[in-house]
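# Sequence first, then the predicted structure, then my questions.
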Amino acid sequence: MQPGASYLDWASQAPLHPAAREALLAAYDAGWADPTRLHREGRQARLLYDAAREAVASALGVSAPEVSFTSSGTAAAHLAVLGGLTGNRRRGREYVLTPIEHSCVLHAAAAHEASGGVLTRLPVEESGRVVLSDLEPGPATALVSVQSANQEIGTRQPIAEVAERCRAAGVPLHVDAAQSVGREPVSVRDWGCQLLTASAHKFGGPSGVGLLVIREGTRWERPGPDDDRGDARVSGPLDVPGAVATAAALVARRGEIDAENVRLAAFAEQIREAAGAVPDAQVHGDPDPAGRLPHLVSMSFLYVDGEALLDRLAAHGVAAASGSACTASSLSPSHVLEAIGALTHGNLRVSLGRSSSQEDVDRLLNVLPDAVAALRAEAGAQGL
């Protein structure tokens, strides 16, 4: 990180983990060849790819054949959702999901609906937690999607309980675990889901690598044209260096997350408390620390423009994000904040990571209250 600057957007993109960087460079030297070829160089590349697959499978509690590497977390989600719906189309065309899923899942849902499918959106509580009693998969339900934890407010979902309801109805469950994998212990077996997706760059792996888990016995059918270049589920050549670096990052993260999450949770509590003390502010997510991710804090400030707040913070060396989509090209508020009935104005999302420090937290909190007050004054909203 740059001296005098604080990167607080780890939920969007984590810096490449040192272990991933080392593995990536080594794999470019040793695993550059086509791993589907039978010559020496191809076999060497294949050995590296298979070892990466085994390492990821072990970390997630599945078998290696159940893991595929995709070109992104978005691509993995699209394959999981559309492939799951296609594979279960004889059962029906109903797709059940929460309204606070990541946009990549919502886009797949929109494509399903446009093709004649039916969407059922589960209600969520003010905390963002799904209303479990309303999950009743029926005889026409082809797939259920419930994320492990929300990317904007950090609320965790009761995945094991969701999976039990789906299992009782004989319906596969897809879990978008992009904010959980590499951030907290994840066991697909313990959760009981049939499909899981994640993104390498969220936990220190390289950009352009997603993870797709399809449990053995799951009805899944490739939603696009076939490709015979290596992995029957995924199009395009196998990215050996990307797979190796992803596995290295995930293995390294397994040894870091327990101590790190204790540290980051303490930082998050400081931020939540300070943000809650600002007049006309809301702090989002589950009020119970056990019900939310330890590294993410979302807050909104009435009478404040979210993009202007980000600019003000950036001028003081703080890089953060906004959950809302208030940009020059879109004036739509955050679908997550809307779904939980929260304040959508002036949203700020702060997410912490491996190198986050007390200095970063102090820098943010030294700037935030004055930045909010100044923007309200500029808008003529002071004292309203």
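Done, it's in. Quick caveat: nothing in here was measured; it's all calculated off a predicted structure.

# Surely Ala232 forms part of a helix?
No - under DSSP: H, G, I helix; E, B strand; the rest coil, Ala232 sits outside any helix and is assigned coil.

# what's the burial count for Ala177?
When neighbours are defined as other Cβ atoms under 10 Å, Ala177 has 27 of them. From N, CA and C alone the C-beta is placed, and that goes for glycine too.

# before we move on, what about Asp228?
By other Cβ under 10 Å, 7 other residues sit near Asp228.

# Regarding it, what is its secondary structure?
Put simply, Asp228 is coil when judged by three-state DSSP.

# Local confidence estimate at it?
In the predicted model, Asp228 carries a pLDDT score of 77.

# if I look at it, how far off is Leu16?
Counting by Cβ to Cβ, to the nearest Å, the separation of Asp228 from Leu16 is 32 Å.

# now Leu264
Using Cβ to Cβ, we find Leu264 at a distance of 19 Å from Leu16.

# which other residues reach stretch 92-101?
Here stretch 92-101 makes contact (Cβ atoms under 8 Å, 6 or more residues apart in numbering) with 81, 85, 105-106, 109, 112-113, 116-124, 128, 130, 135, 137-147, 150, 152-153, 157, 176, 335-336, 339-340.

# Which stretches in this protein count as helices?
In the chain, the segments counted as helices under DSSP state H are 18-30, 40-60, 73-87, 103-114, 159-169, 188-191, 240-254, 257-276, 306-315, 335-339, 358-378.

# JSON lines please, covering those helices and showing distance to Leu97, mean pLDDT and mean neighbour count.
Listed next are these as JSON lines, based on distance: least, Cβ to Cβ, whole Å; pLDDT from 0 to 100; neighbours: other Cβ atoms under 10 Å:
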{"stretch": "helix 18-30", "distance to Leu97": "31", "mean pLDDT": "97", "mean neighbour count": "17"}
{"stretch": "helix 40-60", "distance to Leu97": "22", "mean pLDDT": "97", "mean neighbour count": "19"}
{"stretch": "helix 73-87", "distance to Leu97": "8", "mean pLDDT": "97", "mean neighbour count": "25"}
{"stretch": "helix 103-114", "distance to Leu97": "6", "mean pLDDT": "97", "mean neighbour count": "18"}
{"stretch": "helix 159-169", "distance to Leu97": "11", "mean pLDDT": "97", "mean neighbour count": "17"}
{"stretch": "helix 188-191", "distance to Leu97": "17", "mean pLDDT": "96", "mean neighbour count": "16"}
{"stretch": "helix 240-254", "distance to Leu97": "26", "mean pLDDT": "98", "mean neighbour count": "26"}
{"stretch": "helix 257-276", "distance to Leu97": "27", "mean pLDDT": "97", "mean neighbour count": "17"}
{"stretch": "helix 306-315", "distance to Leu97": "26", "mean pLDDT": "95", "mean neighbour count": "18"}
{"stretch": "helix 335-339", "distance to Leu97": "12", "mean pLDDT": "94", "mean neighbour count": "20"}
{"stretch": "helix 358-378", "distance to Leu97": "33", "mean pLDDT": "96", "mean neighbour count": "17"}
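
# right, so of the ones you listed, which gets closest to Asp9?
Minimum separation from Asp9 across the helices of the chain (Cβ to Cβ) falls at helix 306-315, 9.8 Å.

# Next, the angle from that closest one to helix 358-378.
Counting by axes from the mean of the first three to the mean of the last three Cα atoms, to 10 degrees, helix 306-315 lies at 130 degrees to helix 358-378.

# Residues contacting helix 306-315, please?
If you take Cβ under 8 Å, 6+ apart as the criterion, helix 306-315 is touched by 301, 319-322, 324, 326-327, 345-348, 364, 367-368, 371-372, 374-375.

# Also stretch 116-124?
By Cβ under 8 Å, 6+ apart, stretch 116-124 touches 85, 93-100, 109, 112-113, 130-131, 134-135, 140-141, 146, 339-340.

# Perfect, that will be all.
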